[in-house]
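Novice: Kindly generate the corresponding structure for this input.
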Amino acid sequence: MMDVIVIGAGPAGLAGAIASASFGLKVTVIDEFVKPGGRLIGQLHQEPTGEWWNGIKESERLLQEAKKLSVDIRCGVSVYNLEKDDDLWNVHTNIGTLTAPYVLVATGAAEYPIPLPGWTLPGVMSIGAAQVMTNVHRVEVGKKGIIIGANILAFAILNELQLAGIHVDRIVLPEKSPLSGKAGEPEEVMKSLLNAAHLAPSPLLRMGSRFMKNDSFRKIGMKFFPKNGVKVNGTPLLLRKAAIEIIGTEQVEGVRVADTDENGNIIPGSEKIYEADFVCIAGGLYPLAELAAVSGCPFQYIPELGGHVPIHSELMETPLEGLFVAGNITGIESGKIAMAQGTTAGYTIAKHAGKGGAAINKQLQEAVQNVRSVREQAAIQFNPEINSGRRKMSELWESLYSKNTRENSQIKIG
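Specialist: I've put the predicted structure just below:
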């Protein structure tokens, strides 16, 4: 019988498996995709230091390290239920039921869909799908595209598409509606983008962004936002234009857009069609936490973390004995932070399994501190108030579960 089952072979899951296995625990990792790596295998970007972050190489490094520790990695395995039976967790999959005393759920994140007329046409895809098709499968998604939705994820993948020689003609917002939420409100989009303005290509844009963080200046800026937009790596970002329909007969042929006022309301008579043969919808990310919910783990809605997240400690414990979480299921952040959280979870599991002796407490403290350090150094934050969200979760854990945790682990995180 295995000691640990890790659900999800992304950065958090692989790092957690490596950390657990390094203490001699027998670990099995399962993932529904055909290869390990999760969202890492689609990532390719340049860091502020000038170094390149190659997700495929990083996932390969993690995979080889896991194999050296005899971690059993099984791909193409889907999990449909997770339940506790006495001291063991039963993980129900399409290949049968796997059991272990410890389970790490590292299921990552999913993309918010933004439905609009024509979105079922061939050639329409999520921005994440375009990333995977381009960077993993080496498939050209099209010759001329339009991105609907402006957020940090969209800009990161825009750059990757450009590196692959794929032309993205422009970025527009979705039409303002209950389904598009803040993604259709120009000022809210502007506020979120200002948190990455330090990465802007020109000093003028970086200087202007500081003024735009003031509410009054931002409202003025939105009122007089250029009709032709501002360029992001050469692609026009049009915050005052909204997509109202994707058009085409048998495949995407273009996008019908309309001008909007500074509040995102459509200006009648301003419609125009932009030609395109592919469309990427960028609605942002949310924690993929359904499996933790099925297990009975309690949740909390924390918008700063991306939505509903399982209640957890900085040691990546949940209130359910033997169940741990790591990565984007706990809040939307980068792959580096997911790996740091996975390592923390793996050490915590080893501690609960009685491995490592007294020395493991110091390793855990260093692992938790590393998560904080990586977060502080992150060039881009998907949710600008992530630190506030993490504090809310920490306070919630302290108020509800900390006494029990201290009695069991005797680990002080300072």
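Novice: can you list the weak-confidence ranges in the stretch 301-414 of the chain?
Specialist: Counting by pLDDT under 70, the low-confidence segments of the stretch 301-414 of the chain come to 379-380, 403-414.
Novice: wait, I meant the stretch 151-300 of the chain
Specialist: 194-224.
Novice: Would you map the helices across it?
Specialist: Secondary structure of the stretch 151-300 of the chain by DSSP state H, counting those that start in this stretch: the helices cover 152-163, 186-194, 203-212, 215-223, 290-294.
Novice: What are the buried residues along the shortest one?
Specialist: Same thing as helix 290-294. For helix 290-294, the neighbour count (16 or more other CB atoms under 10 Å) marks 291-292 as buried. All C-beta atoms are positioned from the backbone trio N, CA, C, and that covers glycine.
Novice: what's the distance between the closest residue to Glu253 other than its chain neighbours and Thr120?
Specialist: Nearest residue to Glu253, sequence neighbours excluded (CB to CB, 6 or more residues apart in numbering): Ile247, at 5.6 Å. Computed as CB to CB, to the nearest Å, the Ile247 to Thr120 distance reads 13 Å.
Novice: For the stretch 201-350 of the chain, just list every one of the strands.
Specialist: Assigned strands in the stretch 201-350 of the chain, in chain order: 230-232, 235-247, 254-259, 272-275, 278-281, 285-287, 299-302, 307-310, 323-325 (criterion: DSSP state E, counting those that start in this stretch).
Novice: helix, strand or coil for Ser388?
Specialist: Secondary structure assignment for Ser388 (DSSP: H, G, I helix; E, B strand; the rest coil): helix.
Novice: sorry, back to before: okay, Ile247 and Thr120: which has more neighbours?
Specialist: Per other CB atoms under 10 Å, whichever of Ile247 and Thr120 has more neighbours is Ile247, with 16 against 8.
Novice: contacting residues for that one?
Specialist: 118, 253-256, 273 (CB atoms under 8 Å, 6 or more residues apart in numbering).
Novice: Make a ChimeraX selection of the buried ones in the residues you listed.
Specialist: Filtering those down to the buried ones (16+ other CB under 10 Å) takes a single ChimeraX command:
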select :118,253,254,255,256
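Novice: got the contacts of Ile247 as JSON lines, with distance to Glu60 columns?
Specialist: Listed next are those as JSON lines, based on distance: CB to CB, whole Å:
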{"residue": "Gly118", "distance to Glu60": "39"}
{"residue": "Glu253", "distance to Glu60": "39"}
{"residue": "Gly254", "distance to Glu60": "40"}
{"residue": "Val255", "distance to Glu60": "37"}
{"residue": "Arg256", "distance to Glu60": "43"}
{"residue": "Ile273", "distance to Glu60": "44"}
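Novice: Give me the neighbour count for Gln369.
Specialist: Neighbours around Gln369, by other CB under 10 Å: 15.
Novice: in which helix or strand would I find it?
Specialist: helix 359-377 (DSSP states H and E).
Novice: Alpha carbons only: can I get that helix in CSV?
Specialist: Extracted C-alpha coordinates of helix 359-377, given in CSV (Å, rounded to 0.1, in the frame of the first residue of the first chain):
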residue,chain,number,x,y,z
ALA,A,359,15.2,18.3,12.2
ILE,A,360,12.0,18.4,10.2
ASN,A,361,10.6,21.3,12.2
LYS,A,362,13.4,23.5,11.0
GLN,A,363,12.9,22.3,7.4
LEU,A,364,9.2,23.2,7.7
GLN,A,365,9.9,26.6,9.0
GLU,A,366,12.4,27.3,6.1
ALA,A,367,9.8,25.9,3.6
VAL,A,368,7.1,28.3,4.9
GLN,A,369,9.5,31.2,4.8
ASN,A,370,10.5,30.3,1.3
VAL,A,371,6.8,30.5,0.2
ARG,A,372,6.6,34.0,1.7
SER,A,373,9.9,35.0,0.0
VAL,A,374,8.9,33.8,-3.4
ARG,A,375,5.6,35.6,-3.1
GLU,A,376,7.3,38.9,-2.2
GLN,A,377,9.7,38.6,-5.2
